[in-house]
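Q: Could you look at this predicted model? Sequence included:
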Amino acid sequence: MDECKDLAGKIAFVSGGTKGIGLEIAVGLAARGANVVINYFRSRDAANAAVEKIKTYGVECYAHRANIGNHEQIPGIFEKIKENFGRLDILISNAALGLFTNALDIDDKAWHLAMNTNAQALLFSVQQAAPIMPDNGRIVALSSLGSQRYIPGYAAIGVSKAALENMVRYLAYELAPRRIAVNCVSGGFIDTDALRGFPNYDDLVREVVRRTPFGRIGRPEEVASVVIFLAGPHAGWVTGQTIIVDGGYSLA
């Protein structure tokens with residue numbers, strides 16, 4: 001990560017910031033001087049370890065426990081941020097969840113889990129964050145290739161990510177008068193616990209490596225670096241966009 005301090009004094013929130021891409025984003029923001037609030041739901045130990053790692057960059061950090069897929073728990077996150085810092089400059093909507101299922105097998109549980117955690121959480125988070133976000137703020141959501149192309153067993157998650165990408169465009173237009181940039185980063189096949197959770201992980205990786213021009217799967221920090229750029233001062237003329245970070249996989 002670039003360790004220039006161009007985010008010094010900024011206040012950032014990263015949902016799902018205790019591991020994988022989310023943790024890489026949180027650490028990268030801290031390395032550039034931002035104070036960081038991370039969200040977690042399950043593991044307090046992972047959250048504590050993440051907070052300690054982030055604090056090594058000399059910034060303030062704490063972890064807020066909340067189920068980002070439960071809209072009733074979202075306001076408390078931003079009330080606490082306002083209480084502690086008075087504002088929020090950067091919002092990263094990273095937390096994601098879903099059940100693996102084909103489209104014809106989607107039931108209410110799979111549909112609502114994916115839509116609430118991936119799409120609705122972005123909308124409700126921005127609604128809560130906007131009143132405490134100064135002009136020229138930054139909002140970045142995380143998506144995936146399943147929003148645009150078929151991935152076996154990924155139907156519910158892919159549809160929710162497509163909704164998220166469209167929501168980014170609407171939010172970008174409506175927040176443009178305040179020069180708040182809203183963008184999306186769509187990661188390809190990245191070496192994370194989420195990818196390892198695919199039922200056919202080994203076969204999937206072999207096929208992805210074969211089809212990817214760069215000949216490998218991606219690393220979390222390669223997605224995080226694009227997110228951090230969009231969260232920074234040099235990306236003010238980029239808004240409403242979904243940037244694909246996949247080593248060229250989607251070209252073929």
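A: Ah, there it is.

Q: Show me the strands in the chain, by range?
A: Counting by DSSP state E, the chain has strands at residues 11-14, 35-40, 61-65, 90-93, 138-144, 181-187, 242-245.

Q: out of those, which comes closest to Phe100?
A: strand 138-144 (13.1 Å; Cβ to Cβ). For the C-beta atoms, the positions are set from N, CA and C on the backbone; glycine is no exception.

Q: would you turn the strands of the chain into CSV with mean neighbour count?
A: Formatted as CSV, these follow (neighbours: other Cβ atoms under 10 Å):
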stretch, mean neighbour count
strand 11-14, 29
strand 35-40, 27
strand 61-65, 18
strand 90-93, 29
strand 138-144, 27
strand 181-187, 25
strand 242-245, 18
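
Q: what ranges do the helices span in the protein?
A: In the chain, the helices defined using DSSP state H lie at 20-31, 44-55, 74-85, 108-114, 121-129, 155-175, 193-196, 201-211, 220-230.

Q: Mean neighbour count, these: which tops it?
A: helix 20-31 (a mean of 26; mean count of other Cβ atoms under 10 Å).

Q: Quick one: distance of it to the chain centre.
A: Here helix 20-31 is found 10 Å from its chain centre; the criterion is Cα atoms, centre = their mean, to the nearest Å.

Q: Let me know the angle separating that helix from strand 35-40.
A: Angle of helix 20-31 versus strand 35-40, following axes from the mean of the first three to the mean of the last three Cα atoms, to 10 degrees, is 160 degrees.

Q: weakest of the helices of the chain in terms of mean pLDDT?
A: For the helices of the chain, mean pLDDT drops lowest on helix 193-196, to a mean of 74.
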